[in-house]
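J.: curious how this folds, go ahead:
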Amino acid sequence: MAGDGRPVAGARLRTVALVGIDGSGKTTQANRLAMVLGDAGVPAVYRQNAGGRAWFGHLARRLGRADGPALFGRVGMLWVESVLRWLAIARTTLRSAFARDIAVMDRHAVDQYVSIRAHAGGRGEWLARLAYALFPAPDVTVLLAVDPRDAYRRIEARGTDHESLAYLSAADAAFRSLPESPRFLVVDAGGAPDEVTTAVLAALRPWLPPVHLPPDLDPDGPVTPARRPESPPRSSAPTRRSPGT
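T.: Down below sits the predicted model:
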């Protein structure tokens with residue numbers, strides 16, 4: 001991969017990370033992308049790099065608390081989330097090192113940096129970066145860009161968790177302020193799932209060798225998976241999947 005994020009001639013795509021604010025469609029699109037590529041003969045597998053915030057939010061509500069920070073405190077929740085995401089990325093990186101398929105990652109380290117910036121004003125980000133520096137950056141990072149107001153409506157509609165519009169706006173700004181942001185492939189995630197999947201595939205086309213890119217991945221209309229995406233694998237701190245996740 002070139003220093004500006006462009007593909008290097010002859011390089012094989014190994015890892016793609018889909019990142020974005022909550023409600024941007026990361027889980028849905030990572031599942032769909034892995035399925036569409038696999039059905040077209042391009043070996044690809046979904047990998048979840050969850051931090052457990054949604055799972056702990058569910059646990060907190062069952063215990064009569066508002067959310068995860070109400071259980072651990074805001075700083076404590078960020079530490080828990082950082083550790084769980086580090087472990088998830090470690091597992092994904094290890095699997096990818098011995099696999100020949102494309103790892104389509106649902107979130108990556110930059111999601112944690114954004115969480116720290118939006119929840120804690122960036123305090124402690126240097127420590128997270130030190131820990132996550134052990135992992136190679138994804139070959140391609142796709143930022144699913146969505147208006148925070150639309151993301152808020154999606155989250156409220158799925159009814160499994162809650163984020164304030166203020167936080168979503170802060171997270172959106174944080175993604176664009178990251179030093180990694182110039183390398184992101186930005187895809188408009190405000191449309192219907194099929195439209196977003198089509199846009200993600202179009203953005204990834206330069207990284208997919210023509211010999212591995214069947215004609216049906218360059219459609220005139222939106223891409224619809226031939227099969228319903230499976231539920232993401234369960235982790236020690238699973239998150240729920242929904243059309244707007």
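J.: just checking, next helix/strand downstream of the top helix by length along the chain?
T.: Counting residues, the longest helix in the chain under DSSP state H turns out to be helix 74-98. Later in the chain than helix 74-98, the nearest helix or strand by DSSP states H and E is strand 102-106.
J.: that next one vs helix 74-98, what angle?
T.: 170 degrees (axes from the mean of the first three to the mean of the last three CA atoms, to 10 degrees).
J.: show the average pLDDT along stretch 146-153.
T.: On average, the pLDDT along stretch 146-153 is 96.
J.: buried residues, it. List them.
T.: Buried residues in stretch 146-153, defined by neighbour count with 16 or more other CB atoms under 10 Å: 146, 147, 148, 151, 152. Heads up, the C-betas are built off the backbone N, CA and C, glycines and all.
J.: make CSV out of those and add distance to residue 186 and secondary structure.
T.: Listed next are the buried residues of stretch 146-153 as CSV, based on distance: CB to CB, whole Å; DSSP: H, G, I helix; E, B strand; the rest coil:
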residue, distance to residue 186, secondary structure
146, 11, coil
147, 13, coil
148, 15, helix
151, 15, helix
152, 20, helix
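J.: and which of those residues is nearest residue 82?
T.: residue 151 (22.3 Å; CB to CB).
J.: circling back: what packs against the longest helix of the chain?
T.: strand 44-48, helix 53-62, helix 68-72, strand 102-106, helix 109-120, helix 125-132 (3 or more CB pairs under 8 Å, 6 or more residues apart in numbering; DSSP states H and E).
J.: ok so, going back, in a markdown table, list the buried residues of stretch 146-153 along with distance to residue 91.
T.: Output for the buried residues of stretch 146-153, formatted as a markdown table (distance: CB to CB, whole Å):
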| residue | distance to residue 91 |
| --- | --- |
| 146 | 28 |
| 147 | 33 |
| 148 | 31 |
| 151 | 27 |
| 152 | 31 |
